[in-house]
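Peer 1: Sequence and predicted model, in that order:
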Amino acid sequence: MRFSDTKNLIERKAAPLGDMARVMRRLHVDGPLLSGLLITSGFGLVVLYSAVSQNIDLWLSQCVRLGVALAAMLFVAQLPPDFLRRWSPWGFLFGLALLSMVLLLGEVGQGAQRWLDLGIRFQPSEIMKLAVPMMAAWLLHDKPIPPQLSYLLLVGIVIVVPVVMIAVQPDLGTALLIGASGFLVLILAGLSMRLMLALGLLSIPGAYLLWGFMKDYQQQRVLTLLNPDSDPLGSGYNIIQSKIAIGSGGLFGKGWTNGSQAQLEFLPERDTDFIFAVMGEELGLLGVLSLLVLYVFIIGRGLYIAIEARDTYSRLLAGSISLTFFVYVFVNTAMVTGLLPVVGVPLPLVSFGGTSMVTLMAGFGILMSIHTHRKFLPH
């Protein structure tokens with residue numbers, strides 16, 4: 001075969017890949033990030049199938065929710081960062097209005113008033129996971145770095161107001177995560193070590209005040225963290241069963257759908273908060289490490305997008321979304337392994353859920369939009 005024929009053959013085989021890349025650019029989709037999300041979500045569906053005891057209807061419901069979340073990601077990816085910046089204040093105010101409606105008209109379920117039913121039942125607190133960092137980035141995008149004390153106080157108010165409104169629902173886990181998303185914007189904006197140290201010292205009396213406002217069951221969760229064996233059949237049951245499941249998995253696990261703790265229903269909330277324990281029992285340490293590697297890839301790609309962002313708003317927002325994703329992963333895995341109190345935080349892209357999945361994917365859509373409009377565009 002002549003060299004020219006070989007070259008033509010290679011070009012014909014490469015053409016479909018080039019066409020795919022052009023389509024993804026037109027759709028404002030970042031290929032590496034999308035690949036990481038799809039692989040992780042697929043991994044999650046495999047684990048969830050076992051966690052719901054092969055309940056095909058529930059599993060198919062999660063597939064539909066994942067499809068809706070991907071559609072939301074694709075839609076948000078079409079919105080340029082300038083548009084997102086202009087509408088950040090309005091999105092924040094809209095979220096506050098919905099939280100106010102929850103306090104007045106919200107539906108009560110499992111002892112908490114967190115949901116609104118406007119034809120679709122959802123948790124408005126999920127919206128604030130994006131609205132708070134967007135608003136914080138909007139306030140600081142044209143300000144000097146590091147920000148002055150007056151701007152820090154203003155951002156602090158923006159963070160504290162929705163956090164308090166969500167905490168009284170009560171939903172302390174979501175409130176703390178939203179607070180973290182806003183605080184990460186401050187750190188990325190150049191918050192000085194002196195101020196961070198001062199805030200750390202203030203958190204000591206703050207924790208004491210928070211303890212007084214916590215519900216009895218929330219206080220019990222903290223006490224259970226310190227000594228879960230004090231009530232092994234009550235408040236300590238969840239974390240004890242979770243540790244048993246993870247520890248019994250060993251290196252290779254007991255096999256998919258063969259976990260005794262999960263399949264015999266000793267493990268509570270195995271399709272949501274404690275699905276990480278199902279994975280540890282059935283897929284072992286290797287399965288857990290595989291998922292963590294995927295998470296590290298997604299977070300790393302998000303931080304790379306933040307570095308390449310063309311303006312301060314995009315950089316602060318992309319960095320906050322990426323690091324907040326890390327916080328979600330850390331809190332859930334630390335929770336089910338007994339390093340943190342149980343606060344009801346799902347494992348992202350794996351746990352069963354609807355609104356949280358859509359919000360999460362919408363955040364990745366923002367990252368893709370920021371990447372499309374980055375400062376160094378290829379020719």
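Peer 2: Happy to help now that I have it.
Peer 1: hey, let's count contacts and neighbours off CA atoms from now on
Peer 2: Noted.
Peer 1: Any idea how many residues pack against residue 240?
Peer 2: For residue 240, the neighbour count with other C-alpha atoms under 10 Å is 19.
Peer 1: quick one: the most centrally placed residue in the chain from residue 297, how far?
Peer 2: With distances taken as C-alpha atoms, centre = their mean, the residue of the chain nearest its centroid is residue 325 (4.2 Å). As defined by C-alpha to C-alpha, to the nearest Å, residue 325 lies at a distance of 12 Å from residue 297.
Peer 1: so what does the helix or strand in which the residue nearest to the centre of the chain is found touch, helix or strand wise?
Peer 2: Applying DSSP states H and E as the criterion places residue 325 in helix 312-336. Using 3 or more C-alpha pairs under 8 Å, 6 or more residues apart in numbering; DSSP states H and E, the elements in contact with helix 312-336 are helix 125-140, helix 172-188, helix 237-249, helix 275-308, helix 355-372.
Peer 1: what is the mean pLDDT for that helix?
Peer 2: When pLDDT is averaged over helix 312-336, the result is 94.
Peer 1: Just checking the distance from that helix to the centre of its chain.
Peer 2: Between the mean C-alpha location of helix 312-336 and the chain-wide mean there is a distance of 7 Å, by C-alpha atoms, centre = their mean, to the nearest Å.
Peer 1: This protein - how does it break down into domains?
Peer 2: Residue ranges for the domains of the chain, per automatic domain parsing: 31-78+226-305+336-379, 87-214.
Peer 1: most packed of those?
Peer 2: Comparing the domains of the chain by mean neighbour count (mean count of other C-alpha atoms under 10 Å), domain 31-78+226-305+336-379 ranks first with a mean of 20.
Peer 1: Identify the residue nearest residue 288 in space, chain neighbours excluded?
Peer 2: Nearest residue to residue 288, sequence neighbours excluded (C-alpha to C-alpha, 6 or more residues apart in numbering): residue 280, at 6.0 Å.
Peer 1: Can you name the residues that contact the residue nearest to the centre of the chain?
Peer 2: Residues in contact with residue 325, defined by C-alpha atoms under 8 Å, 6 or more residues apart in numbering, are 299, 348.
Peer 1: any idea how far residue 332 is from it?
Peer 2: According to C-alpha to C-alpha, residue 325 stands 11 Å off from residue 332.
Peer 1: same deal with residue 286?
Peer 2: In this structure, residue 286 and residue 332 are separated by 18 Å, where distance is defined by C-alpha to C-alpha.
Peer 1: Now residue 345. Its backbone dihedrals?
Peer 2: Phi and psi for residue 345, reported as degrees, to the nearest 10, are phi -110, psi 120.
Peer 1: Verify the stated contact: it with residue 175.
Peer 2: No: assessed by C-alpha atoms under 8 Å, residue 345 is found out of contact with residue 175, at 10.7 Å.
Peer 1: where along the stretch 51-200 of the chain do the strands fall?
Peer 2: The residue ranges that make up the strands of the stretch 51-200 of the chain, judged by DSSP state E, counting those that start in this stretch, are 107-109, 112-117, 121-122.
Peer 1: Next up, the contacts around residue 245.
Peer 2: For residue 245, the set of contacting residues under the criterion of C-alpha under 8 Å, 6+ apart consists of 259, 261-262, 267, 277-278, 280-281.
Peer 1: can you check residue 373 too?
Peer 2: Under the criterion of C-alpha under 8 Å, 6+ apart, the contact partners of residue 373 comprise 80-81, 309-310.
Peer 1: now those as CSV including distance to residue 60?
Peer 2: Formatted as CSV, the entries for the contacts of residue 373 read as follows, by distance: C-alpha to C-alpha, whole Å:
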residue, distance to residue 60
80, 33
81, 34
309, 37
310, 40
